[in-house]
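Asker: Coordinates for the following, if possible.
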Amino acid sequence: MNNELQGRAAHVAAIRESAEEEMSAIGVDAAFIGTLVDTFYGRVLAHPELGPVFDARLSGRWPEHMEKMKSFWSAIAFRSGAYGGKPVQAHLGVANMTPELFPKWLELFAATLEDIAPNNEAKVWFMATAERIARSLTLSLFYNPALDDPALRRA
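Answerer: Residues are numbered from 1 along each chain as shown. Sure, this is the predicted structure:
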């Protein structure tokens, strides 16, 4: 059992080391993630459709949210395991959130990356990751399997 635990720890460490090397190779470090989160959410707040939805949910809690998002993106990029939140549950019941807001979120994220990413590889990596996150959240929050079943649609 102890050898199994040591093996798992070594495997996790290897994954983290590989992720750190991958991110370093594309110019991504903790400072970049901090800048990305700060810049992006500054733009979210200024966005005419996204801003009111986010601010209504996070009013008075923006500093905590920003730290949580930095932890989230760091955990994804560096596979650190540092983020322990539940994104789907955090987004359930957000007033005025619609599936149509996710493409706008992605457009704003892409524009932010275009402006601040260190290179094209970083843009591609972060954009692909953001698209997976948006797709996952959209499906989790808004998908209704009945809409895919012609028999149920008629009923």
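
Asker: In the helix or strand in which residue 141 is found, which residues are buried?
Answerer: Element membership of residue 141, judged by DSSP states H and E, is helix 120-142. By neighbour count on 16 or more other CB atoms under 10 Å, the buried set for helix 120-142 is 122, 123, 125, 126, 127, 130, 133, 134, 137, 138, 141. From N, CA and C alone the C-beta is placed, and that goes for glycine too.

Asker: Residues touching it, excluding its own?
Answerer: For helix 120-142, contacts defined as CB atoms under 8 Å, 6 or more residues apart in numbering pick out 25-28, 32, 36, 76, 87-88, 91-92, 97-99, 102-103, 105-106, 109-110, 113-114, 117.

Asker: Filter these down to just the buried residues.
Answerer: Buried, going by 16+ other CB under 10 Å: 26, 28, 32, 36, 76, 97, 102, 105-106, 109-110, 113, 117, out of the contacts of helix 120-142.

Asker: Quick one: neighbours of residue 66, just the number.
Answerer: Neighbours of residue 66 under the rule other CB atoms under 10 Å: 16.
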